[in-house]
Every structure is written in structure tokens, then in C-alpha cells.
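Trainee: Below is the sequence, then the predicted model.
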Amino acid sequence: MLDFTPDEKEKEEKAKEVDQLIEEKLGKCEKLSGSNGYLVGNSLLWCDLVFYNIAYYIEAYKPGTLQNYPKLAKVYATVKANPRIAKWIAEGQAGHYQYGV
């Protein structure tokens with residue numbers, strides 16, 4: 001979205017809006033998230049995978065963002081460390097989505 005805005009001032013304004021939106025939404029998710037590495041419960045659920053995907057792009061956009069949200073960072077790490085997910089990433093199945101995160 002930001003790459004398609006030719007006006008630098010407009011790009012800065014949009015970036016601020018995006019940053020505020022990310023901060024607001026991650027803050028709410030952090031409050032609701034479990035502290036054991038999963039958003040809900042004690043096992044990997046669809047919501048954890050969806051969050052991982054969103055967080056992946058947030059980290060690609062602004063590296064280090066999740067450091068401000070320890071419970072969400074733990075969810076991200078838990079999903080990434082899941083053997084089946086890790087295998088999928090290692091085999092390059094996610095290759096066309098990767099930004100080096």
C-alpha cells in the first residue's frame with residue numbers, strides 16, 4: 001500500500017496511520033492472548049496460524065514490532081517452531097511469501 005503512494009508526504013501520513021492501526025490491534029490482541037504460546041488454549045489452533053501470517057507481514061513491514069508484545073511474540077515463535085510448520089517453511093513452501101523474516 002505504501003509503495004504505491006507517489007507523494008512522499010502522503011506516504012508518511014499513511015505510514016503513521018498504519019503504525020497506529022498495528023499498535024492498536026496488537027495491543028488488544030496482547031491483552032486477550034494466552035501466556036503459554038497460543039492465542040487460546042494449550043494447542044495450535046487456526047487462529048494461531050492466522051496470527052502468524054499477519055505477524056509475519058507486520059515484521060516484514062517493520063522488523064522488531066512484536067518485541068513490544070511479549071505474549072504475541074511467544075505465539076509467533078511457538079507457531080514457527082511447530083515441527084510441521086518449520087518443515088513447510090524449510091522446504092520453501094512459503095517461499096513466494098518470504099521477505100527474509
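Mentor: Received it, and whenever you're ready, just let me know what you need.
Trainee: and the helix or strand of the chain with the lowest mean pLDDT, how far from the chain's centre?
Mentor: The helix or strand of the chain with the poorest confidence is helix 83-90; it has a mean of 89 (mean pLDDT, DSSP states H and E). From the chain centre to the centre of helix 83-90 is a distance of 17 Å (CA atoms, centre = their mean, to the nearest Å).
Trainee: Mind listing residues that contact that helix?
Mentor: Helix 83-90 has contacts (CB atoms under 8 Å, 6 or more residues apart in numbering) with Leu49, Tyr52, Val79, Lys80, Ala94. For glycine as for every other residue, the C-beta is placed from the backbone atoms N, C-alpha and C.
Trainee: Name the helix or strand for the second one, please.
Mentor: Pointing back at Tyr52 there. Under the criterion of DSSP states H and E, Tyr52 resides in helix 46-61.
Trainee: same check, this time on Glu12
Mentor: helix 8-32.
Trainee: Quick one: residues in contact with that helix.
Mentor: Under the contact criterion CB under 8 Å, 6+ apart, helix 8-32 has outside partners 1-2, 5, 39, 51, 58, 61-62, 65-66, 68-72.
Trainee: Could you give me the PyMOL syntax to select whichever of the residues you listed are buried?
Mentor: This is the PyMOL syntax for the buried subset of the contacts of helix 8-32, where burial follows 16 or more other CB atoms under 10 Å:
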select buried, resi 39+51+58+61+65+66+69+71+72
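Trainee: Out of the contacts of helix 8-32, which comes closest to Ser33?
Mentor: Ser33 lies nearest to Lys71 out of the contacts of helix 8-32, by CB to CB, at 4.3 Å.
Trainee: now the residue nearest the centre of the chain: how far from Asp7?
Mentor: Centroid-nearest residue in the chain: Ala55, 0.4 Å away (criterion: CA atoms, centre = their mean). Separation of Ala55 from Asp7 (CB to CB, to the nearest Å) stands at 29 Å.
Trainee: mind listing what's buried in the helix holding Tyr52?
Mentor: Buried-residue list, helix 46-61, by 16+ other CB under 10 Å: Asp48, Phe51, Tyr52, Ile54, Ala55, Tyr56, Ile58, Glu59, Tyr61.
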